[in-house]
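Enquirer: just need the structure, nothing else, for what follows:
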Amino acid sequence: MSSALAFDGHICWGTSTAIHDILARAASIASERYRASNPAAKLLARELAEYWGGKVITLSEADLSADQLFEVLTAARNQALASGEFTELGQRWLAEAMATFCKEGEAATKLSGRTGPQ
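Expert: Okay, the predicted model is just below:
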């Protein structure tokens, strides 16, 4: 079964296990870097708690710093790549689809000026 991360019209499909893994890593990183009360950390923690296989996770919220969101998603992707826990196919997904999603999200954020509160 597949799930996806979505942000302002950009979407990244992956296996439910891969999306859950990235979401868990990103939630942990956001909480460590910005505290649990930070909007990005709260959104990721809530989505992790409410996650089910097949879900499309919408990561766009008005009070969210998209810069922080994509910073932690990129860090989660890098951590997952370095972990050796993904199969060859999973590593290719991280290096291609997930990397593209992070780059597209960062670019969309800069173009729209949606950096949110810091």
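
Enquirer: so how far is residue 95 from the residue lying farthest from the centre of the chain?
Expert: No residue in the chain sits farther from the centre than residue 88, which is 20.4 Å out by C-alpha atoms, centre = their mean. Residue 88 sits 11 Å away from residue 95, going by C-beta to C-beta, to the nearest Å. C-beta here means a position set from N, CA and C on the backbone, and glycine is covered the same way.

Enquirer: helix or strand for the residue nearest to the spatial centre of the chain, which one?
Expert: Centroid-nearest residue in the chain, with C-alpha atoms, centre = their mean: residue 73, separated by 4.0 Å. Here residue 73, judged by DSSP states H and E, is contained in helix 66-83.

Enquirer: same question, residue 12
Expert: strand 10-15.

Enquirer: now residue 5
Expert: Using DSSP H and E, residue 5 sits in strand 2-7.

Enquirer: buried stuff in that strand?
Expert: With burial defined by 16 or more other C-beta atoms under 10 Å, the residues of strand 2-7 counted as buried are 3, 4, 5, 6, 7.

Enquirer: ditto for stretch 46-58
Expert: Buried, per 16+ other C-beta under 10 Å, within stretch 46-58: 47, 48, 51, 55, 57.

Enquirer: filter those residues down to just the ones in strands.
Expert: residue 57 (DSSP state E).

Enquirer: right, and the pair among the buried residues of stretch 46-58 with maximum separation?
Expert: The span of those, defined through C-beta to C-beta, is set by 48 and 55 at 10.8 Å.

Enquirer: tell me the helices and strands packed up against the strand holding residue 12.
Expert: Applying 3 or more C-beta pairs under 8 Å, 6 or more residues apart in numbering; DSSP states H and E, one finds that strand 10-15 contacts strand 2-7, helix 88-93, helix 99-112.
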